[in-house]
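A.B. asks: 3D, please:
(2 chains)
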Amino acid sequence: MQPFESVLAPMLKAYSKLAEDDLPLSAPPNLALGDVAVPMFLAAKKHGTAPVLFAKEVAESVAFGPEVISVAAAGPYLNLKLDRPAFAKRIVAAVLADGDRHGSNGSGRGMRALIEHTSINPNASPHVGRARNAMIGDALARLFRFEGYDVEVHYYVNDMGRQIGLLVLIADELEDLSFDGILDAYVRANARAEKDSAFAGQGYALLAKMEEGDPETQERFRRITDLCLQGQLAVLARLGATYDVFDHESEYLKDPRLDAVLEALRARGALFTDDEARLVVDLAKLGHTAEEGRYFVLMRANGSSMYGCRDLAYTIAKEEKGADVNLIVLGEDHKLYAQQLAMILEAAGHKAPEAVYYSYILLKEGKMSTRQGNVVLLSDFLDQAAALAAERVAEQCHDITPEEQRTIAEQVAVAAIRFAVLRVNANKNVIFDMDAALSFQGDTGPYVQYSCARINSILRKYGKPLPDTPGHAFPLAADAEWALLTRMAAFPGVVDTALRQRTCAPIAGFALDFARAFTTFYHECPVLQAGDPAIMEARLLLCRAALQTLRNALHILGIQAPERM
RNA sequence: GUACCUGUAGCUCAAUUGGAUAGAGCGCUUGGCUACGGACCAAGAGGUUGGGGGUUCGAGUCCCUCCAGGUACGCCA
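C.D. replies: The predicted model follows:
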């Protein structure tokens, strides 16, 4: 979709050196200056003159067609006033024609993406901090799918390790262990291991048996990790997060892929056995300069393998799938570890996955700590939010069934948390405010959903069939209408930058800005009471295109757009 | 101690990646329901972009330095 061709083409024709990318259309600070602006920095550089001079030259010399009403240079900017109805018609027609695909640039067609995310240790119910991984990862998967990638989502189940061993041990003492009891058991197991060294030793022994491949032990581990995983997945499913493949850490024990890595490390002289008989990688031999993080332990003195061994094999297994994009979503606490892993992989001729890091979600009281009990569990948040939303829905939509009301309330709750998390840049520590997250006012997912509900309400009240595309007359020229139109046209660009930067935060920002622009339109431009039938029809089609745009943005974020709420 | 991330309005966050007068929401003040749905809108107050230096036509953004918070740093996963 390039609805502004009649703006760009005359300039491209007059200056053959310029390409479309040199003339990025943007919005002027206010509509009094113009309908669109072109910053001339890039173009002037290519043309070899100063931006201010070049803007003046273009304004005076380029012959624009009839759709451009006026051109004015304002410093390094070119401000143009346009025949708004002509552009409006083209933009709305394009959005309606693209439908569910409006916003997609199709940049991933014919390509595959592998995304690993969530991968929570199977020992507790996810809190909103951990769930940040799932929300970021799931939204990225949706973004890549939207752009045309064939996406495969992987979940790595950490079903090995000392903590799981302890959990298995303590589970034996409990009758009827349920998912809800796991967190409690986990805390007790760890506390006991700290005091009771015999108990801790038992944990290691069990782990050793697991690693040897003892079937009965593997069965015990699998029972506990499955219980946890199913409980976690049930909560994540409420968010709408889905996974294609579950990979278990225990499947990568004694993996031949690791032997090849060890050989490569040995050849580089980077592998040594330290004075306590551990097998260690000296990353300095691979180009690591700092002293911290220089050593990476692979095997314990007793010959049992560390997490990194399995992770190396697993990461190579993922690489072997040959996806065009290989992403992994990691907490910032894994940054050094992932860099170490990448260094080892590269030394062995492999390519590490591209990591997307996120920082922790904090509470006003400080860090979330499972042990200290100051956590906000995802399921608790969703329950509270859904209950609040249900009250509102019951007030406003009393003529629909209770089941439908519950469905909508749940959709609002999910929107609240997903939007709150996704709209913030991933590398920022965010402070989670429970009251703010439950308010549904202002910069929130429910606010965006509310805009959709209003549009649906208008279309529902109109009640008659609408043409699929604008007719001859399309008299949309008001500022509030124009603000909506330029945003619709800008959506593919937002999707493109989001994809390139591997973050859905710009999509959330766009949705919010768009919803606000719609509400302004809603208050300023009557649709069903427009008077003139041509204006009414044009505004109805504008509403439909706006709804399509919002739905597509929300779809990427994993948020439903209920017709009523 | 060292490395990486962050610091923007009272609070929670934006800022087209170096570009026009740094924008929203919450909270506060004022106004708007004879309604296409008030989970709303309009207006107002609120800023030395943590401090200091530098780079250039131009810096919240890049460089140096100090301060504060987060994260990590050899047998956790």
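
A.B. asks: just checking, what packs against the host helix or strand of residue A:355?
C.D. replies: Following DSSP states H and E, one finds residue A:355 within strand A:354-358. Judged by 3 or more CB pairs under 8 Å, 6 or more residues apart in numbering; DSSP states H and E, the packing partners of strand A:354-358 are helix A:128-146, strand A:325-331, helix A:335-347. Where C-beta positions appear, they are placed from N, C-alpha and C, glycine not excepted.

A.B. asks: what ranges does the stretch 351-500 of chain A have for its helices?
C.D. replies: Per DSSP state H, counting those that start in this stretch, the stretch 351-500 of chain A has helices spanning A:378-396, A:402-422, A:434-437, A:445-462, A:479-501. These are given in chain order.

A.B. asks: what does the least confident helix or strand in chain A by mean pLDDT contact?
C.D. replies: For chain A, scoring each helix and strand by mean pLDDT, DSSP states H and E identifies helix A:179-195 as the least confident one, at a mean of 81. Contacting residues not belonging to helix A:179-195 are listed as A:123-125, A:163, A:166-167, A:169-171, A:174, A:177, A:199-200, A:203, A:227-228, A:230-231, A:370-371 [CB atoms under 8 Å, 6 or more residues apart in numbering].

A.B. asks: if we go to 6 Å?
C.D. replies: A:123, A:124, A:166, A:167, A:170, A:199, A:200, A:228, A:231 (CB atoms under 6 Å, 6 or more residues apart in numbering).

A.B. asks: swap in stretch A:325-337?
C.D. replies: Outside stretch A:325-337, the residues within contact range by CB under 6 Å, 6+ apart are A:113-117, A:133, A:136-137, A:293, A:338, A:353-357, A:359.

A.B. asks: ditto for stretch A:522-530
C.D. replies: Applying CB under 6 Å, 6+ apart, the set of residues contacting stretch A:522-530 from outside is A:458, A:478, A:480, A:536, A:539.

A.B. asks: sheet partners, orientation included, of the strand holding residue A:355?
C.D. replies: Next to strand A:354-358 in the sheet, as set by DSSP bridges, lie strand A:325-331 (parallel).

A.B. asks: break chain A into its domains for me.
C.D. replies: Using automatic domain parsing, the domains assigned to chain A come out as A:5-82, A:378-557.

A.B. asks: can you give me the helices for the stretch 151-300 of chain A?
C.D. replies: Secondary structure of the stretch 151-300 of chain A, counting by DSSP H, counting those that start in this stretch: helices at A:162-171, A:179-195, A:197-212, A:215-239, A:256-267.

A.B. asks: so which of those is the most packed in?
C.D. replies: Neighbour counts (mean count of other CB atoms under 10 Å) averaged over each of the helices of the stretch 151-300 of chain A peak at helix A:162-171, with a mean of 22.

A.B. asks: can you tell me what sits against it?
C.D. replies: Contacts made with helix A:162-171 from outside it, assessed by CB under 6 Å, 6+ apart, are listed as A:177, A:185, A:186, A:189, A:193, A:202, A:203, A:206, A:207, A:220, A:221, A:224.

A.B. asks: list the residues that contact the first one.
C.D. replies: Contacts for residue A:177 were tallied using CB under 6 Å, 6+ apart; they are residue A:171.

A.B. asks: distance between the ends of stretch A:439-450?
C.D. replies: As for stretch A:439-450, its first-to-last residue distance stands at 13 Å under the measure CA to CA, to the nearest Å.

A.B. asks: report the buried residues of that stretch.
C.D. replies: The neighbour-count check on stretch A:439-450 (16 or more other CB atoms under 10 Å) flags A:440, A:444, A:445, A:446, A:447, A:448, A:449, A:450 as buried.

A.B. asks: ok, back up a step: the contacts of stretch A:522-530: which ones sit near RNA strand B?
C.D. replies: The subset of the contacts of stretch A:522-530 within reach of RNA strand B, counting by CB under 7 Å from any atom of the strand, consists of residue A:458.

A.B. asks: how far away is the nearest residue to residue A:305 once chain neighbours are set aside from residue A:314?
C.D. replies: Once flanking residues are discounted, residue A:305 sits nearest to residue A:299: 5.5 Å by CB to CB, 6 or more residues apart in numbering. Relative to residue A:314, residue A:299 is positioned 17 Å away (criterion: CB to CB, to the nearest Å).

A.B. asks: ok so residue A:80 is a helix residue?
C.D. replies: No: in this structure, residue A:80 is strand, not part of a helix, as judged by DSSP: H, G, I helix; E, B strand; the rest coil.

A.B. asks: give the contact list for it.
C.D. replies: Contacts of residue A:80 (CB under 6 Å, 6+ apart): A:34, A:36, A:68, A:71.

A.B. asks: now, the residues you listed that are in strands?
C.D. replies: In strands, judged by DSSP state E, the following of the contacts of residue A:80 are found: A:36, A:68, A:71.

A.B. asks: would you mind measuring from the second one to RNA strand B?
C.D. replies: This means residue A:68. With distances taken as CB to the nearest atom of the strand, to the nearest Å, residue A:68 is found 15 Å from RNA strand B.

A.B. asks: and for residue A:555?
C.D. replies: In terms of CB to the nearest atom of the strand, residue A:555 sits 19 Å off from RNA strand B.

A.B. asks: how about CSV for the contacts of residue A:80, with pLDDT and neighbour count added?
C.D. replies: CSV is the format used below for the contacts of residue A:80 (pLDDT from 0 to 100; neighbours: other CB atoms under 10 Å):
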residue, pLDDT, neighbour count
A:34, 94, 22
A:36, 95, 21
A:68, 96, 18
A:71, 95, 19
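
A.B. asks: from those, which is closest to RNA strand B?
C.D. replies: Each of the contacts of residue A:80 was scored against RNA strand B by CB to the nearest atom of the strand, and residue A:34 proved nearest at 6.9 Å.

A.B. asks: point out where the stretch 1-150 of chain A drops to low pLDDT.
C.D. replies: Confidence mapping of the stretch 1-150 of chain A against pLDDT under 70 gives the ranges A:1.
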